[in-house]
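K.L.:
this one's sequence-less:
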């Protein structure tokens, strides 16, 4: 399809986008990517940094400003080379995706990650959509494995970058999609918000691989097509069905960071207590240790005032967390001392956080 002046540009959501939070890969800030997507008329943008959610807060704030729907996701490459995108559809999916990223990061040295197919099965990211990004071999067995696990939540991602082999790649992807009975969706492997960042992206690649630019050869992108491209250009490159599929996926990804709030560990509170009742219990226990013959009325008033203020702000879990840390430190003979404005309180004194 070619967009003429009389043809309405297609509705489109970019589902594969790396920022500079994919260290030494992405050449644009999350805010720049969102702003450019808005300027181009994209309906949504997925930030899919490699095994990371580090850039989503900046992207979220920019998406608010520019009125673009933000999809939270991540790109991952398993240890056998299988590459895919995971996109959170809701709060549960976001939590599962974050957990999988944590697993991958904890299994490798700092700055790296390691995930296997067994990890993906064991920590399956339910409520996430998957887009398979096959390499040039188009290994159908990998696609069958993914389909077995993601069932109707799996797509085949396709990128066309004017490489000279677009027709060949498109034919191979279409054949693979027919064999697996899954839909194709346009994914542009975006590494920069504008083409003008190509030189910077090349430089980042040089630093990442530890080789001079003239020696990189095919390790560099062949051109500057991995930027956010105009809708009319995308309509020239991709079948309309591939572009329409981006909107279907975007419509299913309704998670927003606005849904999140601070959640402290629930295991610090016994089953028969609430955070408020457990904090009061610990405070009263400490009070009896500090004042075995009974506390003065002034102290009692101070405790009740502080506990009421803590309850009003719903800060009980925070005090319980600090109490747990201090109790562990004392059990290991580790010297510690609370500090800060909250430390100058009767509650902290009776919890043993301060002396």
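P.N.:
Good, I have the coordinates. All of these numbers come straight from a predicted model, not from anything done at the bench.
K.L.:
ranges for the helices of the stretch 201-350 of the chain?
P.N.:
Using DSSP state H, counting those that start in this stretch, the helices of the stretch 201-350 of the chain run over 231-237, 240-252, 275-290, 297-313, 316-331, 346-351.
K.L.:
show me how far the longest one is from its chain's centre.
P.N.:
Put simply, helix 297-313 sits 39 Å off its chain's centre (CA atoms, centre = their mean, to the nearest Å).
K.L.:
list the buried residues for that helix?
P.N.:
Neighbour-count burial for helix 297-313, with 16 or more other CB atoms under 10 Å as criterion, is recorded at 299, 302, 303, 306, 307, 310. C-beta here means a position set from N, CA and C on the backbone, and glycine is covered the same way.
K.L.:
picking that back up, can you tell me which of the helices of the stretch 201-350 of the chain is most buried?
P.N.:
Compared across these, helix 346-351 shows the largest average neighbour count, a mean of 23 (mean count of other CB atoms under 10 Å).
K.L.:
and it, what other elements does it pack with?
P.N.:
For helix 346-351, the elements it packs on are helix 275-290, helix 297-313, helix 316-331, judged by 3 or more CB pairs under 8 Å, 6 or more residues apart in numbering; DSSP states H and E.
K.L.:
among the ones you listed, which is nearest residue 70?
P.N.:
Ranking these by proximity to residue 70 (CB to CB) places helix 316-331 first, at 28.4 Å.
K.L.:
looking at it, residue 183 is touching residue 156, isn't it?
P.N.:
Yes. Applying CB atoms under 8 Å, one finds residue 183 in contact with residue 156, separated by 7.1 Å.
K.L.:
list residues touching both of those two?
P.N.:
Among the neighbours of residue 183, those also in contact with residue 156 (CB atoms under 8 Å, 6 or more residues apart in numbering) are residue 177.
K.L.:
okay, those two: which has more neighbours?
P.N.:
Using other CB atoms under 10 Å as the criterion, residue 183 and residue 156 rank with residue 156 on top: 24 against 15.
K.L.:
so what touches the helix or strand containing the more buried one?
P.N.:
Using DSSP states H and E, residue 156 maps to strand 154-158. Residues from elsewhere that reach strand 154-158 (CB under 8 Å, 6+ apart): 15-16, 85, 129-134, 143, 146-147, 169-170, 173, 176-177, 180, 182-187, 238, 242, 245, 249.
K.L.:
for those residues, which PyMOL command selects only the ones that are buried?
P.N.:
In PyMOL syntax, the buried subset of those is picked out as below (16+ other CB under 10 Å):
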select buried, resi 15+16+85+129+130+131+132+133+134+143+146+147+169+170+173+176+177+180+182+184+185+186+187+238+242+245+249
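K.L.:
coming back round to it: quick one: closest of the helices and strands packed on helix 346-351 to residue 72.
P.N.:
helix 316-331 (24.9 Å).
K.L.:
about what we covered before: quick one: the strand holding residue 156 to chain centroid distance?
P.N.:
With CA atoms, centre = their mean, you get 19 Å for strand 154-158.
K.L.:
stretch 158-178 too?
P.N.:
Here stretch 158-178 is found 28 Å from its chain centre; the criterion is CA atoms, centre = their mean.
K.L.:
stretch 199-207 now?
P.N.:
With CA atoms, centre = their mean as the basis, stretch 199-207 stands 24 Å off its chain's centre.
K.L.:
what does stretch 82-97 give?
P.N.:
Using CA atoms, centre = their mean, the offset of stretch 82-97 from its chain centre is 8 Å.
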